[in-house]
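# Sharing a model that was predicted from the sequence below.
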Amino acid sequence: VSIEAVIFDLDGVIVSTDELHFAAWKEIAAEVDIPFDRTDNERLRGVSRMESLDLLLGDRAGAYDGAQKEVLASRKNARYRELLGRLSPADILPGVMVLLADLRAHGIRVAIGSSSRNTPVILERLGLRAAFDAVADGNRIQRSKPDPEVFTLAAHDLGVEPVRCVVVEDALAGIDAALAAGMKAFAVGYAVRHAGAHGRATTLERVQASDLLDL
Ligand code: BG6
Ligand code: MG
């Protein structure tokens, strides 16, 4: 079957917000006196905000009730939003703009499929609001990756069958989600270690439309 659409994850694929998530979570971890380093942060890739908090709290997650967790998660998000205020189009990762133009030139539709509820704010800061034909994000789904919901929704918005979509992801849970959706999966960054991906590259620099269309 021929590929008609490419669905991009946002955080870690279009823009490197990982450090900002890490900085914000680290402040929460310090408040509750839990050690939290970059390796711990890797496990939060692609995972929703509340699930991330549970991972951060680990054994101690049971010691907090729902309301207390909401407070911690909204404090993390407030700090993260402050940090997002510094984002600009200069933060779009290398290769992204060239690849988007190449895909367009091939008549391929492009979408965002992200677990983040901050997707609209991030796209606005990057000047990319009009760059995608569809945006499926954390505000519109019930189940986050590895569930396929966000990618299935993006394909539905585009009016493209899942088997005709390629997902570009940096999270292991995101590759699993793409495979569960019946889509082709192209891994970048951290996700290159996922054995199930159909293709991979360390970064999107020098990745061409043909690399995604011939998987
Ligand atoms: C994903 C990130 O894109 O969005 C995760 O990889 C993050 O690290 C998740 O936890 C949810 O983000 P937000 O912006 O809704 O807190
Ligand atoms: Mg990601």
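Now that the structure is in, tell me what you want to look at. Residues are numbered from 1 along each chain as shown. Ligands and ions are numbered 1, 2, ... in the order given.

# from here on, contacts and neighbour counts on C-alpha atoms
Will do.

# What parts of the chain come near ligand 2?
Neighbours of ligand 2 within the chain, by C-alpha under 5 Å from the ion: 11-12, 46, 170.

# which of the residues you listed tops the neighbour count?
Ranked by neighbour count (other C-alpha atoms under 10 Å), the residues of the chain next to ligand 2 have Asp170 at the top, with 29 neighbours.

# Quick one: the strands in this structure, in order.
5-8, 109-113, 134-136, 165-169, 184-188, 199-201 (DSSP state E).

# for the ones you listed, which one ends up most surrounded?
Comparing the strands of the chain by mean neighbour count (mean count of other C-alpha atoms under 10 Å), strand 165-169 comes out on top with a mean of 29.

# chain center to that strand, what's the gap?
Remark: strand 165-169 is offset 11 Å from the chain centroid, using C-alpha atoms, centre = their mean, to the nearest Å.

# Export only the CA atoms of that strand, formatted as PDB.
This file holds the C-alpha atoms of strand 165-169, laid out as PDB (Å, rounded to 0.1, in the frame of the first residue of the first chain):
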ATOM      1  CA  CYS A 165       0.200   6.300   7.700                       C
ATOM      2  CA  VAL A 166       3.800   6.500   9.000                       C
ATOM      3  CA  VAL A 167       4.400   7.700  12.500                       C
ATOM      4  CA  VAL A 168       7.700   9.500  13.500                       C
ATOM      5  CA  GLU A 169       8.400   8.900  17.200                       C
END
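
# re the thing from before, how about the strands of the chain, which one is nearest ligand 1?
strand 109-113 (8.8 Å; C-alpha to the nearest ligand atom).

# just to revisit the earlier point, now the strands of the chain as a markdown table including distance to ligand 1 and mean pLDDT?
Formatted as a markdown table, the strands of the chain follow (distance: least, C-alpha to the nearest ligand atom, whole Å; pLDDT from 0 to 100):
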| stretch | distance to ligand 1 | mean pLDDT |
| --- | --- | --- |
| strand 5-8 | 11 | 98 |
| strand 109-113 | 9 | 98 |
| strand 134-136 | 11 | 98 |
| strand 165-169 | 10 | 98 |
| strand 184-188 | 13 | 98 |
| strand 199-201 | 18 | 98 |
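
# Including distance to Leu153, could those strands go into TSV?
Output for the strands of the chain, formatted as TSV (distance: least, C-alpha to C-alpha, whole Å):
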stretch	distance to Leu153
strand 5-8	11
strand 109-113	8
strand 134-136	6
strand 165-169	12
strand 184-188	16
strand 199-201	23
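
# I'd say Ile14 and Pro89 touch.
No - applying C-alpha atoms under 8 Å, one finds Ile14 not in contact with Pro89, separated by 10.6 Å.

# who has more neighbours, these two?
Per other C-alpha under 10 Å, whichever of Ile14 and Pro89 has more neighbours is Ile14, with 24 against 13.

# So what does that one have for phi and psi?
Here is the backbone geometry of Ile14 (degrees, to the nearest 10): phi -90, psi -40.
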